[in-house]
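Asks: model this:
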Amino acid sequence: MSDVVALHSGPADASAGASAGASPGTLAAVDIGTNSIHLVVARPTGTDGFETLTREKEVVRLGHGGGDMKQLEPDAIDRAVACLRRMHRIADSYDATIRAVATSATREATNAGELLARASSEAGIEIEVISGVEEARLIHLGVLQAVPVYDRRSLLVDIGGGSTELVIGEGGEMLAARSLKIGAVRLTDRFFPGGVVASPKAVRSARDHIRVMLSHFAREVAMHGFDVAVASSGTAETLCRMAHQATGAEPLRTYNCFELGTDQLSTLVDQLVAHRRPTARVKLAGLEAARADIIVAGALILDAVATMFDVGSFTYSEGALREGVLLDTVGRMDGGEVPGGLHHLRDVSRRSIRQLAERCDDDPAHSAHVAQLAVELFDGLAPIHGLDDTARDYLEAGALLANVGLVVSHSKHHLHAYYVIRNSELAGLTDAEIEVIAQVARYHRKSAPKASHTAFAALPATTQDLVRTLAAILRVAIGLDRSHQHRVRRLDVGVRGKRVVIGAVPQPDDDISLELFSADERKELLEAVLDRRVELVAAAG
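Replies: Okay, here's the model as predicted:
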């Protein structure tokens, strides 16, 4: 089951050391963005977070297009795979475990599978495609390690090539988050083809479009407010560097925590727009050639954020997605608190799962009780199934979300549950983890998993076995609360050779004959996966 239980993806030889409970060694985070691919290799420390060993960046321009980025061009995929091969060699030189995540361009492309397959076969890197809200969460986590805003309510802006992530957070918690399809590459292709500012009208059109998109987050800003604004990403760093060098000062070694006043930002926007072509723009101090064509669009986004949300200045954060990925990985591997004193990251996913259940399940108390029985059964069967705590988490999540399909209709609600879970933005979980949870929920009733089921057939064989086992346990647990009255208080499980005895301990004076009958009817799949006869009996408390 290593394909799934290793909570992050990586080369087969590296991911084995990243499973739950492993001691974190040297880690490499790869951020596959729309504009560029970044690598950071770091060694976790007990008190200070990370010791960064090396950083690499390569402009690949994986995504482009003024609207939805529906296709990755063959030459862009070639560039990305070649870059990933080089980055894998660098990570190997540090004996680092790799975790790679892909953002806007990859998650929107209909042919993203080609990149993922080639990255795996040719570069030895498994890519996680993360949702916009998960990207925002990881960026927020990375920022908290770079700038001292943990105890202050902050507005975070991260401008990427394809999207802009906005977060309001305080005390390590995200109060609101949104991923908007406005990015430096996307807007350049739409309003400034080739990086050329053709006319003042083009600038006005870009500003209007950005304002419309940002308006989708205006309600959250008004509701929560903020004390400090933080900007991360290459666009923000470039603008900070330009503002600093405009004073005639020598370049700084790091721009982390640099304060960019919005009056400085406005001046920079005017200068950038006045230099209509990238060839003229690149002569401005602090602007690197690789960003000269897309910097106007990026600057307009940050300027619009300042104007719409009344920002006086931005604090630049060197930490962003890559650092968040590192921190998230350590939290998953340690099974405890992550460096920097943040609470364990799995709490984030548990909260998002429970919130989805509360929104969509008409009887969440029943689902919570089923989840309790399911994990008790999982624990009792541990000597047979040999699964770890990560699989236990998947089972609990699948149980809590098994009935969210009822929000669509009762008929075929197990199929609807799969759709609802797959199309919900569950923070703290990878795409692969959400798929496993969705399939466990999908198979809580009716047909058992089959090779003819497209989504199930697409899973690796070990993950198919995992889904089958967890779904089998869940089916029996659901039967044990058939009345929705929590009559079964707890379970005593005994493994006796080729026989498994599940003892259901009732609440005082409760009749559990219906629960035993229902669970017995649902035990067929469990018997198949365990290769043992299963007996359900009433047990004394």
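
Asks: Using the three-state scheme, assign residue 56.
Replies: Three-state assignment for residue 56 (DSSP: H, G, I helix; E, B strand; the rest coil): strand.

Asks: My read is that it contacts residue 89, right?
Replies: No - here residue 56 does not reach residue 89: they are 10.5 Å apart, not a contact under CB atoms under 8 Å. (C-beta placed from N, C-alpha, C; glycine too.)

Asks: who has more neighbours, the two?
Replies: For residue 56 versus residue 89, neighbours defined as other CB atoms under 10 Å are more numerous around residue 56 (16 against 11).

Asks: where are the low-confidence patches of the stretch 251-400 of the chain?
Replies: Scanning the stretch 251-400 of the chain for pLDDT under 70 picks out 333-348.

Asks: That one: helices as residue ranges?
Replies: Ranges of helices in the stretch 251-400 of the chain, per DSSP state H, counting those that start in this stretch, are 262-274, 278-281, 295-308, 321-334, 346-360, 364-380, 382-385, 389-401.

Asks: now these as CSV including distance to residue 485?
Replies: Formatted as CSV, these follow (distance: least, CB to CB, whole Å):
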stretch, distance to residue 485
helix 262-274, 59
helix 278-281, 69
helix 295-308, 52
helix 321-334, 37
helix 346-360, 19
helix 364-380, 9
helix 382-385, 28
helix 389-401, 17
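
Asks: Looking at the ones you listed, which is nearest to residue 530?
Replies: helix 382-385 (5.5 Å; CB to CB).

Asks: Let's see that closest one as CSV, backbone CA atoms only.
Replies: The C-alpha trace of helix 382-385 is given here as CSV (Å, rounded to 0.1, in the frame of the first residue of the first chain):
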residue,chain,number,x,y,z
ALA,A,382,-4.8,-4.8,12.8
PRO,A,383,-3.0,-8.1,13.2
ILE,A,384,-4.6,-9.3,10.0
HIS,A,385,-4.7,-6.3,7.7
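
Asks: How about residues contacting it?
Replies: When contacts are defined by CB atoms under 8 Å, 6 or more residues apart in numbering, helix 382-385 is touched by residues 378, 469, 495, 500, 529-530, 532.

Asks: returning to what we had before: out of the helices of the stretch 251-400 of the chain, which is closest to residue 216?
Replies: helix 295-308 (11.1 Å).

Asks: Strands of the stretch 401-541 of the chain, start to end?
Replies: 488-496, 499-506, 533-538 (DSSP state E, counting those that start in this stretch).

Asks: how distant is stretch 160-171 from the center of its chain?
Replies: The chain centre lies 13 Å from the centre of stretch 160-171; the measure is CA atoms, centre = their mean, to the nearest Å.

Asks: Now the terminal residues of that stretch, how far apart.
Replies: In terms of CA to CA, to the nearest Å, the two terminal residues of stretch 160-171 are separated by 25 Å.

Asks: mind listing what's buried in that stretch?
Replies: Under the neighbour-count criterion of 16 or more other CB atoms under 10 Å, stretch 160-171 has 160-170 buried.

Asks: Out of these, flag the one nearest to residue 78.
Replies: Of all these, residue 78 sits closest to residue 161, with 18.0 Å by CB to CB.

Asks: pLDDT score for that closest one?
Replies: Here, the pLDDT recorded for residue 161 equals 92.

Asks: Is it part of a helix or strand, or is it coil?
Replies: Under the three-state scheme (three-state DSSP), residue 161 adopts coil.

Asks: could you dump the buried residues of stretch 160-171 to a markdown table with distance to residue 410?
Replies: A markdown table is the format used below for the buried residues of stretch 160-171 (distance: CB to CB, whole Å):
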| residue | distance to residue 410 |
| --- | --- |
| 160 | 41 |
| 161 | 44 |
| 162 | 39 |
| 163 | 37 |
| 164 | 40 |
| 165 | 37 |
| 166 | 37 |
| 167 | 37 |
| 168 | 37 |
| 169 | 38 |
| 170 | 40 |
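
Asks: The helix or strand hosting residue 176: which residues count as buried?
Replies: Assigned by DSSP states H and E, residue 176 falls within strand 173-180. Within strand 173-180, the residues scored as buried using 16+ other CB under 10 Å are 174-180.

Asks: go on, stretch 55-62?
Replies: Buried residues in stretch 55-62, defined by neighbour count with 16+ other CB under 10 Å: 56-62.
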